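*Asks:* with the input below, show me the fold.
(one chain, ligands or ions: 3)
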Amino acid sequence: MDKIKAFEVLGLTPMIDGKLTNEQITAVKGLGFLRDKRFPDVFNARVITGNGKITTDTNRIILEAADKFGSSEVAFTSRMTVEIQGVKYENIPSLILFLKEHNIEVGGTGPRVRPVVSCKGTTCHFGLIDTFSLSMKIHERFYLGYHGEVLPHKFKIAVGGCPNNCVKPDLNDIGIIGQRIFTPDKDKCKGCKKCAVEEACPMKAASLKDSKIEIDASVCNNCGRCYKKCPFGAFDVASEGYKICIGGRWGKKTGRGTPLPKIFTSEDEVLNAVEKAIILFRDEGIKGERFADTIERLGFSYVSEKIIG
Ligand code: SF4
Ligand code: SF4
Ligand code: SF4
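*Replies:* Ligands and ions are numbered 1, 2, ... in the order given. Presented below is the predicted three-dimensional model:
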């Protein structure tokens, strides 16, 4: 397809007399093209990876696109997207159509659900949940599914596999953190001189009281390090869980999200909670405010009730 036809297909307008209008720059920004401040008509294309993991085939297409339409360079962003560098305005429509042919999306800008950020919890030694799978579901249901929904501000979601918080989930509008929930079988506890559970606990939440193991729930972060550590099987029963923090942000203003007063026990529950949060933000947020501001204005218990209820 020639370049003029490609502009028509995407509803964009070509440059006139070598100059771009603000409307043209804004239009391509909405499609994931951020202007390189050093040049009037050169952009970086933000390629969406879904959950931060891409195949070699996808990689090859991205690199081919960078050669054909950009400056043969790609840059990795802090939020798991890949930027094709140095794309001239005249090449933007052709690049979008070329990537589309291979089911690769550009985007991730504006007051919408932003690309989800995931840690490698699926394969990480400490991972307690399948972060890649959950992140892909979030990507499909909310990044793609809610793309047409304009929100009061950007809405960032991150998924971390355990309380080590490598992707800093609680600095996002919604942060999901893998948990392991224990039901210690105290009857099996023998009150050993040297307790293997106590030794394994990095939070110092486990200790012996009257020769029986006790977990201080206010200190335990459900990291799961004590799982199966007891030689007498007192810590062999556990289930997967998800903590959700809401209202975190990092940028001009910073603040950690607040955990919802419940540990979620299935992916479905988590996805439904995320959806309720997005809908609440869409319907009750005021244009220009981040989710943290909405929560502050409406009150945490009101928002939390709406998400959990
Ligand atoms: S947050 Fe936990 S699971 Fe994810 S990469 Fe870090 S240590 Fe691994
Ligand atoms: S929890 Fe297990 S290791 Fe710890 S004192 Fe009880 S029996 Fe011993
Ligand atoms: S889950 Fe983690 S913090 Fe809680 S008792 Fe076990 S090791 Fe300690």
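
*Asks:* near ligand 2, which residues of the stretch 151-300 of the chain are found?
*Replies:* Listed as neighbours of ligand 2 in the stretch 151-300 of the chain under the rule CB under 6 Å from any ligand atom: 189-192, 195-197, 208, 213, 230-232, 234. Using the backbone N, CA and C atoms, a C-beta is placed for each residue, glycine as well.

*Asks:* just the buried ones from these?
*Replies:* Cys189, Cys195, Ala196, Val197, Ile213, Cys230, Ala234 (16 or more other CB atoms under 10 Å).

*Asks:* around ligand 1, pick out the residues from this protein.
*Replies:* Within the chain, the positions adjacent to ligand 1 are Cys119, Lys120, Gly121, Cys124, Phe126, Gly127, Gly160, Gly161, Cys162, Asn164, Asn165, Cys166 by CB under 6 Å from any ligand atom.

*Asks:* of these, buried ones?
*Replies:* Buried among the residues of the chain next to ligand 1 (16+ other CB under 10 Å): Cys119, Gly121, Cys124, Gly127, Gly160, Gly161, Cys162, Asn164, Asn165.

*Asks:* wait, is Glu240 part of a helix?
*Replies:* No. Applying DSSP: H, G, I helix; E, B strand; the rest coil, one finds Glu240 to be strand, outside a helix.

*Asks:* got a list of what the residue of the stretch 1-150 of the chain found nearest ligand 3 touches?
*Replies:* Residue nearest to ligand 3 within the stretch 1-150 of the chain: Leu128 (9.7 Å; CB to the nearest ligand atom). By CB atoms under 8 Å, 6 or more residues apart in numbering, the residues touching Leu128 are Gly121, Gly161, Cys162, Gly178, Gln179, Arg180, Asn222, Cys223, Gly224, Glu240, Gly241.

*Asks:* just checking, next helix/strand downstream of the lowest-mean-pLDDT helix or strand in the chain?
*Replies:* In the chain, no helix or strand scores lower on mean pLDDT, DSSP states H and E than helix 3-10, which sits at a mean of 88. Later in the chain than helix 3-10, the nearest helix or strand by DSSP states H and E is helix 22-29.

*Asks:* what angle do helix 3-10 and that following helix make with each other?
*Replies:* 80 degrees (axes from the mean of the first three to the mean of the last three CA atoms, to 10 degrees).

*Asks:* other residues contacting the helix or strand following helix 22-29?
*Replies:* As assigned by DSSP H and E, the chain's next helix or strand after helix 22-29 is strand 33-35. For strand 33-35, contacts defined as CB under 8 Å, 6+ apart pick out Ile25, Lys29, Val42, Phe43, Asn44, Ala45, Arg46, Glu83, Val87, Ile92, Val106, Thr109.

*Asks:* hang on, isn't Ile84 packed against Gly70?
*Replies:* Yes. Ile84 sits in contact with Gly70 when judged by CB atoms under 8 Å, with a separation of 4.5 Å.

*Asks:* got any residues that touch both of those two?
*Replies:* With CB under 8 Å, 6+ apart, Ile84 and Gly70 have common neighbours Ala45, Leu95.

*Asks:* neighbour-wise, which of those two wins?
*Replies:* The residue with more neighbours, out of Ile84 and Gly70, is Ile84; 29 against 23, by other CB atoms under 10 Å.

*Asks:* that one in helix, strand or coil?
*Replies:* Assignment for Ile84 (three-state DSSP): strand.

*Asks:* any idea how far it lies from Asp57?
*Replies:* 16 Å (CB to CB, to the nearest Å).

*Asks:* if we can go back for a sec, the buried ones among the residues of the chain next to ligand 1 in strands, which ones?
*Replies:* Gly160 (DSSP state E).

*Asks:* show the pLDDT at Arg17.
*Replies:* Check again: residue 17 is Asp, not Arg. Asp17 is assigned 87 on the pLDDT scale.

*Asks:* give me the distance between it and Asp41.
*Replies:* Computed as CB to CB, the Asp17 to Asp41 distance reads 12 Å.

*Asks:* do the same with Ile62
*Replies:* 22 Å.

*Asks:* ok, those two, which is more surrounded?
*Replies:* Neighbour tally, Ile62 and Asp41, criterion other CB under 10 Å: the higher count belongs to Ile62, 22 against 17.

*Asks:* what comes up buried for whichever strand or helix holds the more buried one?
*Replies:* Following DSSP H and E, one finds Ile62 within helix 56-69. Buried positions in helix 56-69, judged by neighbour count with 16+ other CB under 10 Å: Thr58, Ile61, Ile62, Leu63, Ala65, Ala66, Phe69.

*Asks:* neighbouring contacts of it?
*Replies:* Contacts to helix 56-69, defined as CB under 8 Å, 6+ apart, come from residues 45, 47, 54, 72-74, 82, 84-85, 87-88, 91-92, 94-95, 98-99, 102, 104.

*Asks:* got the end-to-end distance for stretch 287-307?
*Replies:* Stretch 287-307 has an end-to-end distance of 21 Å (CA to CA, to the nearest Å).
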